[in-house]
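J.: Sequence below, structure please.
(4 chains)
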Protein chains: 4
Amino acid sequence: MTKGRLEAFSDGVVAIIITIMVLELRVPHGEDLQSLRPLAPVFLSYVLSFVYIGIYWNNHHHMLRAVHRVNGAVLWANLHLLFWLSLFPFVTAWVGENHFASTPMALYGVVLLLAAIAYFILQGTIIRSEGPGSLLAAAVGRDLKGKLSPIIYLLAIPAAFIAPWIAGAAYVGVALVWLVPDRRIERALVDKPERR
Amino acid sequence: MTKGRLEAFSDGVVAIIITIMVLELRVPHGEDLQSLRPLAPVFLSYVLSFVYIGIYWNNHHHMLRAVHRVNGAVLWANLHLLFWLSLFPFVTAWVGENHFASTPMALYGVVLLLAAIAYFILQGTIIRSEGPGSLLAAAVGRDLKGKLSPIIYLLAIPAAFIAPWIAGAAYVGVALVWLVPDRRIERALVDKPERR
Amino acid sequence: MTKGRLEAFSDGVVAIIITIMVLELRVPHGEDLQSLRPLAPVFLSYVLSFVYIGIYWNNHHHMLRAVHRVNGAVLWANLHLLFWLSLFPFVTAWVGENHFASTPMALYGVVLLLAAIAYFILQGTIIRSEGPGSLLAAAVGRDLKGKLSPIIYLLAIPAAFIAPWIAGAAYVGVALVWLVPDRRIERALVDKPERR
Amino acid sequence: MTKGRLEAFSDGVVAIIITIMVLELRVPHGEDLQSLRPLAPVFLSYVLSFVYIGIYWNNHHHMLRAVHRVNGAVLWANLHLLFWLSLFPFVTAWVGENHFASTPMALYGVVLLLAAIAYFILQGTIIRSEGPGSLLAAAVGRDLKGKLSPIIYLLAIPAAFIAPWIAGAAYVGVALVWLVPDRRIERALVDKPERR
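T.: The predicted model follows:
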């Protein structure tokens, strides 16, 4: 019941975040293909952010399947995660409109990093609430992917000032790692909660 | 449970898509009927896109009634469909603001085509997950309407450069085909999942 | 199940409609109370539309409690109602920004009228689907309020060109009629579905 | 059933309110960190409003757990609360864009006060509907926090004209009081509904 409402609220916020990002794709005044060209970087950053928000929703979904009780601390840890996700439309648009310049690319990494930390906090809060022998604690296990991602973001942020494409490659790479082996893990672990 | 959340998230995204399209109907500065006239093409493209998004929601709804299990591949195939649907507000506004010019009309067809392909992929992914003897596999059957629609889009895209109204007639026609016989099919097949 | 998803989707669309109307309350550049004064008509039209959308949600909610089956025709009649409700943000902003001028006030009445007709169609479609002996058919009964409202809108539309305040008074009056006796009817009829 | 839909609708509206506030964080034209500096006050006011909306959602969530019946009066008292919450994006942006000037800060307090009053009305309406021996009536008890908050807002509104930071400190303080002891209360009272 309580958990259902937490999921419904999170679904609502994530659905709005993923959809309002498209509002930054401003309709061009021209009517030919050339007038779409300036939108290319905005579109690419939209695709990347859509995938990231999708990964978060996917993992949030898996994680909450292993949850039985929701207390105030979990509600706030969840809102904290949603707060950082809510900044995706802003950094996505800033990156896109500045054609992947260094500072916007670095800030994109900062938001990715803070969202990843917020996810860790939410996961830890749930495990504390569920108890050490809980399904989620067992499922998380060593969690290599979850621990490596923030380290890569941390390295990519300064790298954006050397060359923005390094940071971009890092963000795309992490997204692919979370996307690709989705089904293999699923079969192997049966409902192991995954994270970005 | 899992399926419920997939539906809730999809409902949220589709509800937002269908509603933010209306934001492109910018409030005119004048206060007489003449000041509404430039909005006519934007309004017409809004109506068409509202109907298309409604058809997708309707069919998505029917398809998921036949689903029992949701795995990671289905979640991503669903997000992939939502991605293309999320571009409807953009192409709708571009078409409307350029009074149904050739290139916007062609791009509208491209988004219709990619959404139709994404729907096929989602349907195929669900059937693979449910098994060949599943309810959905039987219900889809020959699926003439589902196979003809993308072919018509494919023909309409180049036709938009000959005369935009040909593409427009094709898009309206396909929408009507999906709308009109809705109830007849429903009675005949009892819960056969339909598609756009 | 099916009904639950129809409700969830309608709730999502109505929630977005009621909330994006507030985006028309554009933040003024000044920082004193005088800079808020031009927003007064926009705020008043927002309040009226908020109440109308609230009445529709409330009545939709009551009506669907009496529903057992949802077919394709009901889904489309529901989408048709949502379409006219989705035009509320547009007419609300047009009315507010033109300080209740005649043409915007008349158009506001047209949207009210078409939404009321769409509600009738939805109600009729549900009654046909549920059968003549259904709970809803009995509950609707003579439905004086539901039949008078569109007649008042119909009279208010031309009256807006004589004096806009007549139309305004009519719209406020109908809203009050739907709002005020809410609880009395509820107690008398126990779950009688109401309408705007 | 009825209660579920009230919750779903409220969740939808609150999710949209909390998310569209971020649209006021307008993407800067520059690509360096300096171009972000003017956004600092808008960002700070966004954080404060995010926390307040989060507190309301959290408390609404707890309050409705103790509810068994939902009548028309409760639906309208709930819509009334959502109305004042829907003005948060407006006052948040006005405060942020005017760098916490006196009048916007006072208006922010007015909206906080009216939302708090609307919450009281909703709580009272639910208690009347549930009966004096109900779970909620017992849980609310003396409700010191709930009674002090509006008094502090009432004092902060005129104080904003002496020095805006006094009002700011009051708003932040009340938010912290609601945030911090969340878990202690939860453990002590087990599901005592809390309020802002």
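J.: what helices or strands is the longest helix anywhere in chain A leaning on?
T.: Assignment by DSSP state H gives helix A:102-130 as the longest helix of chain A. Secondary-structure packing of helix A:102-130 (3 or more Cβ pairs under 8 Å, 6 or more residues apart in numbering or on different chains; DSSP states H and E): helix A:40-65, helix A:72-86, helix A:88-97, helix A:135-140, helix A:144-162, helix A:164-179. Yep, even glycine has a C-beta here, placed from its N, CA and C like the rest.
J.: which stretches of chain A have low pLDDT?
T.: Within chain A, the stretches with pLDDT under 70 are A:1, A:138-142, A:180-196.
J.: Contact residues of it facing chain C?
T.: Those residues of chain A that sit near chain C, judged by Cβ under 8 Å from any Cβ of the partner chain, are residue A:12.
J.: What parts of chain A come near chain B?
T.: So chain A meets chain B at A:7-8, A:11-12, A:14-16, A:18-20, A:22-23, A:25, A:27-28, A:31-33, A:36, A:47, A:50, A:54, A:57-58, A:61, A:65, A:179, A:182-183, A:186 (Cβ under 8 Å from any Cβ).
J.: cutoff 6 Å now
T.: Applying Cβ under 6 Å from any Cβ of the partner chain, one finds that chain A approaches chain B through A:7, A:11-12, A:15-16, A:19, A:22, A:25, A:27, A:31-33, A:50, A:54, A:58, A:61, A:182-183, A:186.
J.: which parts of chain A sit against chain D?
T.: Counting by Cβ under 6 Å from any Cβ, the residues of chain A close to chain D are A:5, A:8-9, A:12-13, A:16, A:72-73, A:75, A:79, A:83, A:86, A:90, A:93-94, A:97-98, A:101, A:103.
J.: Can you name the residue of chain A nearest chain C?
T.: When scored by Cβ to the nearest Cβ, chain A has residue A:12 as its residue closest to chain C, at 7.7 Å.
J.: I figured that residue hits residue B:12, correct?
T.: Yes: with contact defined as Cβ atoms under 6 Å, residue A:12 and residue B:12 form a contacting pair (5.4 Å).
J.: if we can go back for a sec, make TSV out of the helices and strands packed on helix A:102-130 and add mean neighbour count.
T.: Compiled in TSV, the helices and strands packed on helix A:102-130 are given as follows (neighbours: other Cβ atoms under 10 Å in any protein chain shown):
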stretch	mean neighbour count
helix A:40-65	21
helix A:72-86	22
helix A:88-97	25
helix A:135-140	18
helix A:144-162	17
helix A:164-179	18
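J.: and of those, who's closest to residue A:125?
T.: If you check each of the helices and strands packed on helix A:102-130 against residue A:125 by Cβ to Cβ, helix A:72-86 wins as the nearest, at 4.2 Å.
J.: which helices and strands does that closest one pack with?
T.: Packing partners of helix A:72-86 (3 or more Cβ pairs under 6 Å, 6 or more residues apart in numbering or on different chains; DSSP states H and E): helix A:2-20, helix A:102-130, helix D:40-65, helix D:182-189.
J.: Tell me how far that helix lies from the chain's centre.
T.: For helix A:72-86, the separation from the chain centroid amounts to 13 Å (computed by Cα atoms, centre = their mean, to the nearest Å).
J.: Name the residues that touch it?
T.: Residues lying outside helix A:72-86 but in contact with it, judged by Cβ atoms under 6 Å, 6 or more residues apart in numbering or on different chains, are A:13, A:17, A:114-115, A:118-119, A:121-122, A:125-126, A:129, D:19, D:22, D:50, D:54, D:58, D:182-183, D:186.
J.: angle of it against helix D:2-20?
T.: Taking axes from the mean of the first three to the mean of the last three Cα atoms, to 10 degrees, one finds that helix A:72-86 is oriented at 40 degrees with respect to helix D:2-20.
J.: hey, C-alpha coordinates of helix A:72-86 in PDB?
T.: Taking only C-alpha atoms (Å, rounded to 0.1, in the frame of the first residue of the first chain), the coordinates of helix A:72-86 have been written out as PDB:
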ATOM      1  CA  GLY A  72      10.000   8.100   6.500                       C
ATOM      2  CA  ALA A  73      13.700   7.700   5.900                       C
ATOM      3  CA  VAL A  74      13.100   5.700   2.700                       C
ATOM      4  CA  LEU A  75      10.600   8.300   1.500                       C
ATOM      5  CA  TRP A  76      13.100  11.100   2.000                       C
ATOM      6  CA  ALA A  77      16.000   9.100   0.500                       C
ATOM      7  CA  ASN A  78      13.700   8.500  -2.500                       C
ATOM      8  CA  LEU A  79      12.800  12.200  -2.800                       C
ATOM      9  CA  HIS A  80      16.500  13.000  -2.600                       C
ATOM     10  CA  LEU A  81      17.200  10.700  -5.600                       C
ATOM     11  CA  LEU A  82      14.300  12.300  -7.500                       C
ATOM     12  CA  PHE A  83      15.700  15.800  -6.800                       C
ATOM     13  CA  TRP A  84      19.000  15.000  -8.600                       C
ATOM     14  CA  LEU A  85      17.100  13.300 -11.400                       C
ATOM     15  CA  SER A  86      15.000  16.400 -11.800                       C
END
